[in-house]
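Participant: let's see this in three dimensions:
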Amino acid sequence: ITGIVGSTDRRIEYFDDPARLPANEITNPTNVTVVDGTIIYINVIDEGTSVFLANFCSNLSTITFTVNPLPAVTDQNNLNNPAETVFCEESVGSAVRDNIDLSILDDNVSNGLPNRDVTWFLDVGLINPVPLSPNPVVSNVTTGTSFFARVENTLTNCVDVAEAVLTIEPRPNDNPIIAP
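Facilitator: Presented below is the predicted three-dimensional model:
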């Protein structure tokens with residue numbers, strides 16, 4: 001509104017009531033809590049239209065907010081999904097597992113809902129993505145290692161994060177075969 005070419009000398013007043021009374025003015029419009037359907041009433045005043053302070057031209061309008069919900073996500077671990085989060089170690093005593101394809105968890109972290117993109121990360125801050133080749137495959141995984149799924153609703157562009165904690169189980173030790 002104020003950044004348009006030729007729109008200098010504009011002042012905007014924000015209100016939480018259609019009457020736009022001074023008592024209902026939002027004095028700090030950069031810190032307002034809204035929910036879906038919230039209407040903010042605005043008054044745009046052109047302070048450059050008159051030399052008389054009382055005769056400024058103005059225009060009334062509204063802003064209606066749409067607040068989309070975050071996509072539902074479900075953390076994954078050995079308690080709610082042991083079939084896809086618990087693995088045997090590579091070799092006896094190694095305590096690590098290689099070549100785990102995290103995409104097997106995509107439908108679980110996104111609750112199997114349509115229009116969801118899942119991207120895997122090594123950190124909760126979503127800074128370091130899991131390398132793709134072509135799927136997100138991780139190696140040298142030890143028990144308790146967490147990976148983080150950024151789940152995006154592709155219709156609303158809203159994002160939430162799920163955590164997957166993997167468990168690596170030890171293989172049994174070799175038993176010597178003793179002949180009678």
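Participant: contacts, neighbours, all on C-alpha from now
Facilitator: OK.
Participant: ranges for the strands of the protein?
Facilitator: 10-15, 39-46, 57-64, 86-88, 100-101, 116-121, 137-138, 146-153, 159-165, 167-169 (DSSP state E).
Participant: JSON lines for those strands, including mean neighbour count, mean pLDDT and distance to Pro129?
Facilitator: Shown next, in JSON lines, are the strands of the chain (neighbours: other Cα atoms under 10 Å; pLDDT from 0 to 100; distance: least, Cα to Cα, whole Å):
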{"stretch": "strand 10-15", "mean neighbour count": "18", "mean pLDDT": "89", "distance to Pro129": "41"}
{"stretch": "strand 39-46", "mean neighbour count": "19", "mean pLDDT": "90", "distance to Pro129": "39"}
{"stretch": "strand 57-64", "mean neighbour count": "12", "mean pLDDT": "88", "distance to Pro129": "36"}
{"stretch": "strand 86-88", "mean neighbour count": "18", "mean pLDDT": "97", "distance to Pro129": "22"}
{"stretch": "strand 100-101", "mean neighbour count": "17", "mean pLDDT": "97", "distance to Pro129": "14"}
{"stretch": "strand 116-121", "mean neighbour count": "21", "mean pLDDT": "98", "distance to Pro129": "4"}
{"stretch": "strand 137-138", "mean neighbour count": "16", "mean pLDDT": "96", "distance to Pro129": "11"}
{"stretch": "strand 146-153", "mean neighbour count": "23", "mean pLDDT": "98", "distance to Pro129": "9"}
{"stretch": "strand 159-165", "mean neighbour count": "20", "mean pLDDT": "98", "distance to Pro129": "13"}
{"stretch": "strand 167-169", "mean neighbour count": "21", "mean pLDDT": "98", "distance to Pro129": "20"}
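Participant: export these to TSV and tack on distance to Asn31?
Facilitator: Listed next are the strands of the chain as TSV, based on distance: least, Cα to Cα, whole Å:
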stretch	distance to Asn31
strand 10-15	12
strand 39-46	13
strand 57-64	15
strand 86-88	45
strand 100-101	42
strand 116-121	30
strand 137-138	42
strand 146-153	26
strand 159-165	22
strand 167-169	43
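Participant: pLDDT below threshold where in the protein?
Facilitator: 1-7, 48-55 (pLDDT under 70).
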